[in-house]
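Novice: model this:
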Amino acid sequence: MSLKSKAFAGDPLLEAAAVSDAAHIVPGTKGEHVARIQRALMILDKADLVADGSYGPKTAAAVLRFKQKRNIINRKYQTQADNIVGIMTMTALDKEMQSRVDPTVMIGRLMFAVSLQTTSDVRSKALTATTNATNVPVTSIRSIIRNNPYTPTGVNLPIELPPSVPPTKTYAVEVTIDPPLTGDDFMELSIVNGSTINGTATISPARIMRSSTVIVTGGTQTMPKKGGHLQIQAKLNGQDVKATSEGFSVCAHPIDVKATFVRDVNGVVEQIDKVGMRVKVTMDSDSKTFSDLDQVEVSELIETFNRNMPPFKDAPENPSGYTPVIPPKGLSMVDTHAEPRPSAGPRGTADKIQMHIFRCARCGANDKPVPNSGFDVQHEVFQDPATKKFRHKVTKKGTKIGMRIPGTQTIVKTNAGTATIVSPIHDL
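Specialist: As a prediction, the model looks like this:
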């Protein structure tokens with residue numbers, strides 16, 4: 001085998017062309033061996049070709065230019081270069097491809113996890129899990145990392161959300177090229193698979209020669225249930241694909257829940273005498289455009305962690321299920337904080353925590369915490385110092401909390417939402 005480069009070695013037709021005049025490769029030839037020559041010309045000379053395996057006029061012209069630049073002429077019978085791949089041309093192509101250092105490209109960053117390895121001996125399984133276990137690093141390459149809440153750079157662990165970027169927002173992606181490119185070589189970067197269905201994004205800069213941080217900007221949002229098909233692709237000299245990232249989506253997510261007083265509750269509600277208040281709930285989009293949340297639903301989590309009985313009565317929580325973030329036209333998202341009317345004493349409180357979780361039909365995120373949606377809700381029965389009468393009020397304020405999603409072992413956390421609301425005073 002005379003050919004040494006990975007590009008050509010082992011191909012019988014190319015091997016023959018490197019040693020035999022009778023095996024010259026000429027215009028009009030077709031086959032995979034021609035495609036290999038085309039790819040080499042694209043890499044070495046940046047020839048404007050498609051590796052389709054057809055030795056047509058464009059390929060013939062590229063072969064001629066390759067030979068002219070290197071003065072490849074058989075002086076025995078030629079005075080100028082031709083467009084045929086013979087022994088001298090095949091040898092020159094092979095030598096240049098062999099000496100070329102093919103760069104390794106990584107789009108994104110290595111993320112490490114730990115896998116617990118144990119023996120398969122059932123009798124010692126419990127023992128090996130604690131004494132003979134070895135931590136084995138498990139790696140994956142992550143490119144677009146959607147922090148919760150969204151940030152334009154960096155990684156918050158654990159990673160909670162599917163890879164995605166909000167529309168009009170950016171994310172900084174590390175692209176590693178080893179070794180760096182030299183001369184006229186370049187790495188062309190692009191977003192592939194963009195469409196009205198998969199969504200669109202752009203990348204800048206589009207050409208680099210060495211390891212760099214590039215910026216991906218979200219464009220058109222991904223359609224529901226079509227997430228994860230956009231990819232970053234790196235092509236050497238715009239021709240040879242060297243790396244393709246994991247898939248990602250373009251979608252907006254909710255953040256920053258705010259609660260404002262709407263009206264008092266002091267009377268019969270659903271056939272039960274109750275006291276409390278109703279509040280209007282609003283939230284923002286991390287894209288800064290609220291209408292971008294048209295494929296997002298939210299649900300509340302609420303938990304009572306203290307209830308003095310009396311004065312309060314036993315009352316089960318009835319959290320809302322998932323509902324659209326954008327309510328029907330003319331309506332608002334309203335939350336009711338009301339308790340069956342407590343007894344007139346003794347003093348006591350019913351203390352609750354509340355937060356919101358969301359799901360996104362575009363990227364597939366499910367049961368994820370809405371950033372800045374945590375609240376403390378306290379119903380209080382107190383004694384008026386002037387009249388000695390027992391009265392009631394409810395207070396809602398933002399607080400940092402963590403809660404378990406019902407029916408699972410998953411604990412979700414969020415920072416404080418925005419609210420400092422005190423209801424009117426209710427006589428008991």
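Novice: And A16, how far from A23?
Specialist: Here A16 is placed at a distance of 4 Å from A23 (Cβ to Cβ, to the nearest Å). Any C-beta I mention is one placed from the backbone N, CA and C, and that applies to glycine too.
Novice: next one: Q78
Specialist: In terms of Cβ to Cβ, Q78 sits 18 Å off from A23.
Novice: Surely V268 and K274 touch.
Specialist: Yes: using Cβ atoms under 8 Å, V268 is in contact with K274, at 7.5 Å.
Novice: quick one, which of these two is more surrounded?
Specialist: A count of neighbours by other Cβ atoms under 10 Å puts K274 above the other of V268 and K274, at 18 against 9.
Novice: in the stretch 251-400 of the chain, which spans are strands?
Specialist: 254-269, 272-285, 296-307, 323-324, 333-340, 348-360, 368-369, 375-383, 390-398 (DSSP state E, counting those that start in this stretch).
Novice: any chance of those in JSON lines, plus mean pLDDT?
Specialist: Rendered in JSON lines, the data for these read as follows (pLDDT from 0 to 100):
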{"stretch": "strand 254-269", "mean pLDDT": "97"}
{"stretch": "strand 272-285", "mean pLDDT": "97"}
{"stretch": "strand 296-307", "mean pLDDT": "96"}
{"stretch": "strand 323-324", "mean pLDDT": "96"}
{"stretch": "strand 333-340", "mean pLDDT": "95"}
{"stretch": "strand 348-360", "mean pLDDT": "97"}
{"stretch": "strand 368-369", "mean pLDDT": "97"}
{"stretch": "strand 375-383", "mean pLDDT": "98"}
{"stretch": "strand 390-398", "mean pLDDT": "98"}
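Novice: Would you reformat the ones you listed as CSV and include distance to I72?
Specialist: Output for these, formatted as CSV (distance: least, Cβ to Cβ, whole Å):
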stretch, distance to I72
strand 254-269, 63
strand 272-285, 61
strand 296-307, 62
strand 323-324, 68
strand 333-340, 74
strand 348-360, 59
strand 368-369, 62
strand 375-383, 77
strand 390-398, 75
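Novice: Name the spans of this protein whose pLDDT lies under the cut-off.
Specialist: 1, 112-139 (pLDDT under 70).
Novice: quick check: domain ranges of it?
Specialist: Using automatic domain parsing, the domains assigned to the chain come out as 12-99, 105-250, 254-427.
Novice: Nearest approach to E317 belongs to which of the strands of the stretch 251-400 of the chain?
Specialist: strand 296-307 (5.2 Å; Cβ to Cβ).
Novice: give me every residue that touches the closest residue to K258 other than its chain neighbours.
Specialist: Leaving out its chain neighbours, the residue that sits closest to K258 by Cβ to Cβ, 6 or more residues apart in numbering is T418, at 4.3 Å. Contact analysis of T418 by Cβ atoms under 8 Å, 6 or more residues apart in numbering lists 256-259, 372, 398.
Novice: Redo those residues as CSV? Include neighbour count and distance to I191.
Specialist: Below are the contacts of T418 laid out as CSV (neighbours: other Cβ atoms under 10 Å; distance: Cβ to Cβ, whole Å):
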residue, neighbour count, distance to I191
D256, 17, 29
V257, 28, 32
K258, 16, 35
A259, 25, 39
N372, 22, 30
G398, 20, 38
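Novice: Closest one of the residues you listed to I145?
Specialist: Within the contacts of T418, distances to I145 taken as Cβ to Cβ reach their minimum at N372, with 19.8 Å.
Novice: Distance of that closest one relative to K242?
Specialist: 41 Å.
Novice: More neighbours: which of Q78 and A23?
Specialist: A23 (17 against 10).
Novice: That one against P12, yeah?
Specialist: No: taking contacts as Cβ under 8 Å, A23 lies outside contact range of P12: 9.4 Å.
Novice: ok, and the closest non-adjacent residue to the residue most central in space within the chain?
Specialist: For the chain, the residue nearest the mean C-alpha position is P163 (1.1 Å; Cα atoms, centre = their mean). In space, P163 comes closest to F248 once its chain neighbours are excluded; the distance is 3.9 Å by Cβ to Cβ, 6+ apart.
Novice: One more: R307?
Specialist: R307 sits nearest to A350 (Cβ to Cβ, 6+ apart), 4.7 Å away.
Novice: Contact partners for that neighbour?
Specialist: Neighbours of A350 in contact, by Cβ under 8 Å, 6+ apart: 304, 306-308, 312, 339, 378-379.
Novice: Of those residues - the most surrounded one?
Specialist: Neighbour max across the contacts of A350 (other Cβ under 10 Å) = H379, 27 neighbours.
Novice: is it true that that one touches H392?
Specialist: Yes: using Cβ under 8 Å, H379 is in contact with H392, at 6.8 Å.
Novice: that older thread, so what sits opposite the residue nearest to R307 in the bridge?
Specialist: As for beta bridges, A350 partners with R307, H379 under DSSP bridges.
Novice: Any figure for the gap between it and M277?
Specialist: A350 is 14 Å from M277, by Cβ to Cβ.
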